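[1] the following comprises the amino acid sequence and a computationally predicted model.
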Amino acid sequence: MNILVTGGAGYIGSHTCVALLEAGHSVVIADNLCNSKRESVEKIIDITKKEVTFFEVDVTDQEAVDVIFNHNNIDGVIHFAGMKAVGESVEIPLTYYYNNIVSTMVLAKACQKYGVNSFVFSSSATVYGDNAAPFVETMNLLPTTNPYGETKAMSERILSDIAKADSEFSVSILRYFNPVGAHESGLIGEAPNGIPNNLMPYVTQVAKGTLNKLRVFGSDYPTLDGSGVRDFIHVVDLAEGHVAALDNLKKGAHIYNLGTGQGTSVLELVKAFEEANGIEVHYEIVERRPGDIASCYADASKAERELGWTAKRDIFAMCRDAWKFEKNYKDLVEIK
């Protein structure tokens, strides 16, 4: 199939493009490069030795999206494009609501206009709110603790309602947890613009000396060591989960957790990184970050049953691959 991947130059999107191309699909990327770089598209081509069509557009722009659908014979959409920093969403909620929800509506409208009935949506475990882990897809969603999570929950409802109204529409909603790591080639990985919001690129930049030390947000959570617990998943496993979802689409809306099913604390991740790579990571404990919860990990058994997918790579592989990419990567922020 010819798949439109929005946000395809970004971290998860670029790895999913590689997985799609390696599975025999063709790829059209739409990305406004607000938190990614054009070079990622070239690296996708380097890795796969296959061509990619790229549009530098914002998918909240209906006219720009129409141009893509008009000229590329799109068979399906994987929608990553969106702002994703929990703390930032608390500070600038309106920007998050506009960007993340409008983009979903614009793409869904284009799918209906052009008869595209295959849609995979990048959601988040954040939609579970203060439910107790492990999170199961059948849980009632509680109010989330941040606007970012609300945009994902709202987008899920929009896509589910479309599937109810349109018997031909197939949507797979993927609630995934904390992607880390990089492609084994070291050519693509997590390379945010400016100071990282996510944990692993902050760890790798501290290890490299680009940043002085890691801030660990909170030491008084009800967890084993007081730091937050997350379900870290290798980004290549996550990318393969998107291909599995696309290849197993069914009519209607279907929700899947993509995670390892195991919780790892922030301090445990730091220790694993040090052990895997033989390098010390300097850190300090600071106050909790607004919007964060204590523990978040998946029950991923439904994805295994229905999609034939499981996460295969462990925390040490995540740490080794992330560090390999960081050592290869040149364009980093100034030391702070």
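    That came in fine, so what should we check first?

[2] domains of the protein?
    Per the record, the chain has its domains at 2-180+232-258, 199-230+262-298+313-328, by automatic domain parsing.

[3] now, of those domains, which is deepest in the fold?
    domain 2-180+232-258 (a mean of 20; mean count of other C-beta atoms under 10 Å). Placement of C-beta: from N, CA and C, glycine included.

[4] so how far does that domain reach from one end to the other?
    Between the start and the finish of domain 2-180+232-258 there is a gap of 23 Å, counting by C-alpha to C-alpha, to the nearest Å.

[5] pLDDT of that domain, averaged?
    Across domain 2-180+232-258, pLDDT averages out at 95.

[6] elements contacting the longest helix anywhere in the chain?
    The helix of greatest length in the chain, counted in residues with DSSP state H as the criterion, is given as helix 93-114. Helix 93-114 makes packing contacts with helix 62-72, strand 76-79, strand 118-124, helix 147-165 when contacts are defined by 3 or more C-beta pairs under 8 Å, 6 or more residues apart in numbering; DSSP states H and E.

[7] what's the spacing between residue 184 and residue 278?
    Computed with C-beta to C-beta, to the nearest Å, the distance linking residue 184 and residue 278 is 19 Å.

[8] swap in residue 262?
    Counting by C-beta to C-beta - residue 262 and residue 278 are separated by 24 Å.

[9] ranges for the strands of the stretch 201-336 of the chain?
    Taking DSSP state E, counting those that start in this stretch to define them, one finds strands in the stretch 201-336 of the chain at 214-217, 229-230, 232-234, 252-258, 264-265, 283-286, 295-296.

[10] start to end distance for stretch 254-264?
    Where stretch 254-264 starts and where it finishes are 27 Å apart, if you go by C-alpha to C-alpha.

[11] give me the contacts around that stretch.
    Contacts made with stretch 254-264 from outside it, assessed by C-beta atoms under 8 Å, 6 or more residues apart in numbering, are listed as 123, 125, 133-137, 156, 171-177, 229-233, 237-238, 241, 245, 272, 295-303, 306-307, 309, 311, 315.

[12] show me the helices in the chain, by range?
    For the chain, the helices defined by DSSP H cover 11-22, 39-48, 62-72, 86-91, 93-114, 147-165, 199-208, 235-247, 266-277, 301-307, 315-328.

[13] could you dump the last one to CSV, C-alpha only?
    Extracted in CSV, the C-alpha atoms of helix 315-328 (Å, rounded to 0.1, in the frame of the first residue of the first chain):
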residue,chain,number,x,y,z
ILE,A,315,16.2,-2.1,28.2
PHE,A,316,19.9,-2.6,27.6
ALA,A,317,19.4,-2.7,23.8
MET,A,318,17.4,0.5,24.1
CYS,A,319,20.3,2.1,26.0
ARG,A,320,23.0,0.8,23.6
ASP,A,321,21.2,1.9,20.5
ALA,A,322,20.3,5.3,21.8
TRP,A,323,24.0,5.9,22.8
LYS,A,324,25.2,4.7,19.3
PHE,A,325,22.9,7.3,17.6
GLU,A,326,24.0,10.1,20.0
LYS,A,327,27.7,9.4,19.3
ASN,A,328,26.9,9.6,15.6
